[in-house]
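Student: Quick one, structure for this:
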Amino acid sequence: MSVNLDVQSNQFNAHQSISYKNNSPDALTKLYFHLYFNAFQPGSEMDVRSQTISDPDPRIGSRINALTEEEQGFQKIKKLQQGGHDLAFKVRGTILEVIPNQPLKPGQTIKLEMDYVAQVPLQIRRSGRDNAEGIRYSMSQWYPKMCEYDHQGWHTEPYIAREYYGVWGDFDVTINLDSTYTVAATGILKNAKTIAHGYGGKSKQKSKTNTWHFLAENVHDFVWAADPDYVHETYTCKNGVIFHTFYQASESNNRNWKKLPGIMEEVLNYSNKNFGVYPYSRYSFVQAGDGGMEYPMATLITGNRPLVSLVGVSVHEFLHSWYYGVLGFNESLYYWMDEGFTNYAELRVIEHLKAKGLIPGESSEFPFDGDFKNYYTIVTRGIEEPLTTHADHFEYNAAYSFAAYGKGSIFLHQLEYVIGTEAFDQGLLNFYNKWKFKHPDADDLIMSMEEASGLQLDWYKEYMVYTTKTIDYAIDSFLDIHQHTWVHLVNYGKMPMPVDVMVNMVDGATLYYTIPLDLMLGAKSQQDPLGKNYSVLPAWDWVNPEYLFDLPIAADKIKQITIDPFHRMADLDRINNEWPPSSEDK
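Tutor: Numbering: from 1, shown residues only. I've put the predicted structure just below:
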């Protein structure tokens, strides 16, 4: 791709040469591209959706409808050819439909040449110019991008501000613009010695324009940002990965951004060990955009933040590298795997950073309680929809957000509860290593977890993903019979689960039990997070709303019995999880 950006008109002319191989077993009679900038026009589907949904995103609202001609975005195709011959094409909003000269057979490669002109919209959502912090260009979703074709066919969703799904490829990009600008981008800068602005070289280009040449291999998108005031710094981790930071100078920014890379090296080390090895040699933290948004090898984040906030957003977006960047979920259908799994990893990492003293704050006893709260919010408001709902088609933005971040994170946290920490950690690593660069889905995850644990887990996926059924286990009563305590449990919810029980004794001792679910065809054998061993009780048949078990202990020796003492299950009512109820319960 070759781009020539005019910083006065905010328009650019570009040429892209595309080599696309059909790796499917199907003959392709059409090809499709996304034209994301076309969404930033009054009357677009993104504009209409933002004004008609019940709870519009305040960052968008009616702002698109108010854009002037100079502030709007567009991508206009000037020429599209195959082998020197013009191709027929149609533009439908944010989708470009292309008719090749002949069907593209399985295994064949097509080469397309495309010329287009585009206008960078005023920054509203993710992409654009002149963001709230004064960054000139946040160039995400800026080029005609191939739609993905997989076992479900083409994915040609119009852009209404949700997520993405892209084709793996190698990018060779040259960007030509005003020589006073510094450019941050996906990939590796190949002509650093001829570019000034902190890249370690002296500019040999005496014209008013600089050419930036980036290469990025095996990524599914390419992002860049540009500003004349960027401070650019590099940090080399002990394992060789190089972090780039791009930010605007100020007293607080200079202090906080200089601390960021060292903290992020610890995030990299922890994540490589626990989630899988980061496969690229670079990563850039770039002040741009409208909050935080992940891209391959880079993130755009607003940067005028206190250190804790800067670290928080950087951790989240960097961890997307594992789920958005390397596993590459279809985010329209598996948004909860991308955002939720990233949120799960973030909470673990933040607790690790606290324990290492790299960020302030005490470790949380129950770090996932915030996700539980978000999930309970959509349940109690009556707006929860199944995770099978397409990301674009939620009735409420809040329902989408709580499902994606909250329930998606709970999916993993609770799965760890079901199969045990050791099996879960191994399953998560196996899933990453087996499915990186392959666009996996929920079935692939569950199979990895079944292999690691030896347990059957299809029921878990089906309840969590396909339904909105909830969990509510309770201690109904207990009886003291001949120095034995019979504990009566009840399932008031509609989703069955294994149940962990903690028994606190009057003498200070603590006993732990786990009641496996019959559908699992087994029980977890690992220790809980605090290193306590569980005794395994007979399985609870999922069809039975009640369960009775015998403790060979006199009732007067028991201080308290608690279901799910470590808050690892999305139980809607924790008050009935204790007997007798704790005075701290509300």
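Student: can you tell me how far the residue lying farthest from the centre of the chain sits from Trp257?
Tutor: Farthest-out residue of the chain from its mean C-alpha position, per CA atoms, centre = their mean: His482, at 54.5 Å. Distance from His482 to Trp257, counting by CB to CB, to the nearest Å: 69 Å. The way it works is simple: take the backbone N, C-alpha and C, and place the C-beta from them, glycine included.
Student: ditto for Gly370
Tutor: Distance from Gly370 to Trp257, counting by CB to CB: 27 Å.
Student: neighbour-wise, which of these two wins?
Tutor: Remark: of Gly370 and Trp257, Trp257 carries more neighbours, 24 against 15, as counted by other CB atoms under 10 Å.
Student: which residues does that one contact?
Tutor: The contact partners of Trp257, taken as CB atoms under 8 Å, 6 or more residues apart in numbering, are Val231, Glu233, Thr245, Tyr247, Phe285, Gly303, Leu310.
Student: Format those as a markdown table; extra columns: pLDDT and secondary structure.
Tutor: Listed next are these as a markdown table, based on pLDDT from 0 to 100; DSSP: H, G, I helix; E, B strand; the rest coil:
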| residue | pLDDT | secondary structure |
| --- | --- | --- |
| Val231 | 96 | strand |
| Glu233 | 96 | strand |
| Thr245 | 98 | strand |
| Tyr247 | 98 | strand |
| Phe285 | 98 | strand |
| Gly303 | 97 | coil |
| Leu310 | 98 | helix |
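Student: Return the member of these nearest to Ile135.
Tutor: Of all the contacts of Trp257, Gly303 has the smallest distance to Ile135: 8.4 Å, by CB to CB.
Student: need the contact list for the closest one.
Tutor: Glu133, Tyr247, Gln248, Asn253, Trp257, Gln287, Leu310 are the contacts of Gly303 under CB under 8 Å, 6+ apart.
Student: got the phi/psi numbers for it?
Tutor: The phi and psi values for Gly303, taken as degrees, to the nearest 10, are phi -110, psi -10.
Student: quick one: it from Gly166, how far?
Tutor: Taking CB to CB, one finds Gly303 at 26 Å from Gly166.
Student: before we move on, what about Val487?
Tutor: 52 Å.
Student: follow-up on the earlier one: for the contacts of Trp257, which one is nearest His151?
Tutor: Of these, the one sitting nearest to His151 (CB to CB) turns out to be Phe285, at 35.3 Å.
Student: how close does the closest one sit to Ala298?
Tutor: Note on Phe285: its distance to Ala298, by CB to CB, is 8 Å.
Student: out of these two, which sits in the more crowded spot?
Tutor: Ala298 (31 against 26).
Student: pretty sure the more buried one contacts Val223?
Tutor: Yes: contact criterion CB atoms under 8 Å: Ala298 and Val223 qualify, at 5.5 Å.
Student: so what sits against both of these two?
Tutor: Common neighbours of Ala298 and Val223, counting by CB under 8 Å, 6+ apart, are Ala185, Thr186.
Student: Can you list the residue ranges for helices in the stretch 1-150 of the chain?
Tutor: Here the stretch 1-150 of the chain has its helices, by DSSP state H, counting those that start in this stretch, at 45-52.
Student: swap that for the chain, please
Tutor: Counting by DSSP state H, the chain has helices at residues 45-52, 251-274, 307-320, 335-355, 369-380, 397-401, 408-419, 421-435, 442-453, 458-466.
Student: packing partners for the fourth one?
Tutor: In this structure, helix 335-355 packs against helix 251-274, helix 307-320, helix 408-419, with contacts taken as 3 or more CB pairs under 8 Å, 6 or more residues apart in numbering; DSSP states H and E.
Student: Tabulate those in JSON lines, adding columns for distance to Arg59.
Tutor: JSON lines is the format used below for the helices and strands packed on helix 335-355 (distance: least, CB to CB, whole Å):
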{"stretch": "helix 251-274", "distance to Arg59": "22"}
{"stretch": "helix 307-320", "distance to Arg59": "15"}
{"stretch": "helix 408-419", "distance to Arg59": "21"}
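Student: closest to Asp172 out of the ones you listed?
Tutor: With CB to CB as the measure, helix 307-320 is the member of the helices and strands packed on helix 335-355 nearest Asp172 (24.0 Å).
Student: which helices and strands does the closest one pack with?
Tutor: For helix 307-320, the elements it packs on are helix 251-274, strand 282-287, strand 292-295, strand 298-301, helix 335-355, judged by 3+ CB pairs under 8 Å, 6+ apart.
Student: Does anything pack onto the fourth one? Which helices or strands?
Tutor: Applying 3+ CB pairs under 8 Å, 6+ apart, one finds that strand 298-301 makes contact with strand 282-287, strand 292-295, helix 307-320.
Student: Okay, now the sheet partners of that strand, with direction.
Tutor: Here strand 298-301 is paired, per DSSP bridges, with strand 282-287 (parallel), strand 292-295 (antiparallel).
Student: Kindly reformat those as CSV containing distance to Glu113.
Tutor: Formatted as CSV, these follow (distance: least, CB to CB, whole Å):
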stretch, distance to Glu113
strand 282-287, 29
strand 292-295, 25
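Student: Tell me which of those lies nearest to Pro516.
Tutor: Among these, the nearest to Pro516 by CB to CB is strand 292-295 (37.4 Å).
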